[in-house]
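Q: how does the following fold in three dimensions:
(2 chains)
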Amino acid sequence: EAGVAQSPRYKIIEKRQSVAFWCNPISGHATLYWYQQILGQGPKLLIQFQNNGVVDDSQLPKDRFSAERLKGVDSTLKIQPAKLEDSAVYLCASSLMTGGYDGYTFGSGTRLTVV
Amino acid sequence: AQSVSQHNHHVILSEAASLELGCNYSYGGTVNLFWYVQYPGQHLQLLLKYFSGDPLVKGIKGFEAEFIKSKFSFNLRKPSVQWSDTAEYFCAAVSGGYNKLIFGAGTRLAVHP
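A: Here you go, the predicted structure:
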């Protein structure tokens, strides 16, 4: 089966600019997750969708980050305006079942550098 | 708050040495546990997972992990590492109540030939 697709792979922007990342999960996976992985740290959950509804966004900095999952399939994560500390790899993951009982499948991530 | 702790940030081993990476979690109830591996330049891949049953779980590439409920631990082991095991290893947990996958900080393993 095809994996979780993410684009772009790399992005370099200046602080205060905006950026968007795209994720296409595995077909049929109802649950979609966005993680932020700062260098030297483990991935941190930003937001979790169940179909097109938000299940958990408690760790999402809502003053600058936004995410949507239209039609319960693809998702976009946006940062506006970006700060230097947003430099990280942004990972998208999906699972068939809530709680990951079937395992979570991760995409290759988008490496964001804010200068 | 729920958390996952990995004791070693960096581990350096010679080929054929045995490996054990520590992981502790803070959930009190039902918990699902995972080990992921991230090879240089690649995405996270699932090594193994524990949901219930036999506390000794076998995964891919010769890895295994033991769930010890009394110690809140889920340590990863491999009897003989290879150079190709050089990667970063992440322990992660989901509790039945919180339903979100929480990662540890990761352990970077370097295996020298």
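Q: tell me which parts of chain A are close to chain B?
A: Proximity of chain A to chain B (Cβ under 8 Å from any Cβ of the partner chain) is limited to residues A:3, A:33, A:35, A:40-45, A:48, A:55-56, A:91, A:93, A:98-101, A:103-109. Using the backbone N, CA and C atoms, a C-beta is placed for each residue, glycine as well.
Q: are any of those residues buried, and if so which?
A: Burial by neighbour count, judged by 16 or more other Cβ atoms under 10 Å in any protein chain shown, picks out A:33, A:35, A:42-43, A:45, A:48, A:56, A:91, A:93, A:99-100, A:104-109 from these.
Q: taking the residues you listed one by one, which sit in helices?
A: Counting by DSSP state H, no part of these is found in helices.
Q: just those: which are in strands?
A: Using DSSP state E, the subset of these located in strands is A:33, A:35, A:45, A:48, A:56, A:91, A:93, A:105-106.
Q: restrict stretch B:95-111 to CA atoms and write it as CSV.
A: The C-alpha trace of stretch B:95-111 is given here as CSV (Å, rounded to 0.1, in the frame of the first residue of the first chain):
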residue,chain,number,x,y,z
SER,B,95,-3.0,5.4,27.1
GLY,B,96,-6.6,4.3,26.8
GLY,B,97,-7.8,7.5,28.5
TYR,B,98,-5.7,10.0,26.5
ASN,B,99,-5.7,8.4,23.1
LYS,B,100,-2.7,10.2,21.8
LEU,B,101,0.8,8.9,21.0
ILE,B,102,3.4,10.4,23.2
PHE,B,103,7.1,10.0,22.4
GLY,B,104,10.2,9.9,24.4
ALA,B,105,13.2,12.1,23.5
GLY,B,106,14.9,9.3,21.6
THR,B,107,18.2,7.5,21.9
ARG,B,108,20.8,7.9,19.2
LEU,B,109,22.6,4.6,18.6
ALA,B,110,25.9,4.5,16.8
VAL,B,111,27.4,1.0,16.0
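Q: picking up where we left off before, turn the ones in strands among the buried ones among the residues of chain A next to chain B into CSV, including pLDDT.
A: Listed next are these as CSV, based on pLDDT from 0 to 100:
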residue, pLDDT
A:33, 94
A:35, 96
A:45, 92
A:48, 92
A:56, 89
A:91, 96
A:93, 94
A:105, 90
A:106, 92
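Q: how about the residues you listed, which pair is most distant?
A: Of all pairs drawn from these, the widest gap by Cβ to Cβ lies between A:56 and A:105 and measures 18.6 Å.
Q: find the nearest non-adjacent residue to residue A:13, please.
A: residue A:19 (5.3 Å; Cβ to Cβ, 6 or more residues apart in numbering or on different chains).
Q: if I read this right, that neighbour contacts residue A:79, doesn't it?
A: Yes - the pair residue A:19 and residue A:79 passes the contact test of Cβ atoms under 8 Å, sitting 5.2 Å apart.
Q: higher neighbour count, the two?
A: Shown here are residue A:19 and residue A:79; by other Cβ atoms under 10 Å in any protein chain shown, residue A:79 has more neighbours (22 against 19).
Q: re the thing from before, wait, what's in contact with the residue nearest to residue A:13?
A: Counting by Cβ atoms under 8 Å, 6 or more residues apart in numbering or on different chains, residue A:19 touches A:11, A:13, A:78-80, A:82, A:112.
Q: just the buried members of these?
A: Looks like the contacts of residue A:19 have A:11, A:13, A:79, A:82, A:112 buried, using 16+ other Cβ under 10 Å.
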